[in-house]
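Engineer: got a predicted structure here, sequence first:
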Amino acid sequence: MKDIHYCLKDDVKYPTVLKNIKGAPDIIYYKGNIEIATEYKNIAVIGSRKCSARGMQLAYDTAKYLAGRRINVVNGLALGCDSAAIRGALDNNGKCIVWLPCGLDNIQPKSNRKLADEIVDKGGCLVSEYPEGTELRKYNYVERDRLQSGISQGVIVIEADRNSGTMHTADFAIRQYKHLACYYYKMLENSTGNKYLEENKETIVLKQLSNLEEFTDDILHEVQYEQMTLQL
């Protein structure tokens, strides 16, 4: 894959919101327009690979709505909810930021290579903390999950079982003090993770469009400051 670039943590192009999390990478690799991460707000739209038809539709509709508000859609390019969300954003002229758990020359899953190319072609970007040639390893997924929430102002869980990898991103969102929302678990089939999140007072429960509007309004009106380091 050509046109892979990198930026260091003190570079202007390095996403401002990402700098503020604990353990932010000193270097990130990207293909596409990384500057959209700072120019616009970012919301991770995530969920299980094995999701219901209702979950797929909610992922698509949610991302399409966010694109209409000029909010970037973030996720990990997985099958299921992630892919449906990306499709919804792109269909509404939106932009996506995708974090990969390996080098950018090794798109995973391979069946989503065309979708990855479309993301870049339509003004989005692919990002990784791993250099070219880095193979996919199981533990990389959890490492990547902290960055999906880290680059985002908010996280929306569409549909997830309690033991789904999606829950790692949700847990990171809580630890990183991000806005967190999930769809009401009774609306979906594979939603024990949603039910678990609803028991957390920090999670906004989405039952209708007005809830999504309020959630995004809070994020759009929030001012982002870059953390400053004092040198003594």
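Structural biologist: Thanks, I have it. Everything numeric in this text was worked out from a predicted model, so none of it was measured.
Engineer: any low-confidence regions in this protein?
Structural biologist: Counting by pLDDT under 70, the chain contains low-confidence residues at 1-2, 224-232.
Engineer: now the strands for it?
Structural biologist: The residue ranges that make up the strands of the chain, judged by DSSP state E, are 5-8, 27-32, 42-46, 72-75, 96-99, 125-128, 154-157, 179-183, 203-206.
Engineer: partner strands of the fifth one and their direction?
Structural biologist: Meaning strand 96-99. The pairing partners recorded for strand 96-99 under DSSP bridges are strand 72-75 (parallel), strand 125-128 (parallel).
Engineer: reformat those strands as CSV; add distance to residue 45.
Structural biologist: From N, CA and C alone the C-beta is placed, and that goes for glycine too. Putting these into CSV (distance: least, C-beta to C-beta, whole Å) gives the following:
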stretch, distance to residue 45
strand 72-75, 5
strand 125-128, 16
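Engineer: and those as TSV, adding mean neighbour count?
Structural biologist: Supplementary listing: these in TSV, determined by neighbours: other C-beta atoms under 10 Å:
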stretch	mean neighbour count
strand 72-75	30
strand 125-128	24
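Engineer: tell me which of the ones you listed sits nearest to residue 135.
Structural biologist: Taking C-beta to C-beta as the criterion, strand 125-128 is the member of the strands paired with strand 96-99 that comes nearest to residue 135, at 12.2 Å.
Engineer: what sits against the closest residue to residue 74 other than its chain neighbours?
Structural biologist: Spatially, and ignoring its direct neighbours in sequence, residue 74 is nearest to residue 44 (4.2 Å; C-beta to C-beta, 6 or more residues apart in numbering). Going by C-beta atoms under 8 Å, 6 or more residues apart in numbering, residue 44 touches 73-75, 148-149, 152, 154-156, 169, 173.
Engineer: again, but for residue 27
Structural biologist: Residues near residue 27 by C-beta under 8 Å, 6+ apart: 6-9, 129.
Engineer: now those residues: which count as buried?
Structural biologist: Burial by neighbour count, judged by 16 or more other C-beta atoms under 10 Å, picks out 6-7, 129 from those.
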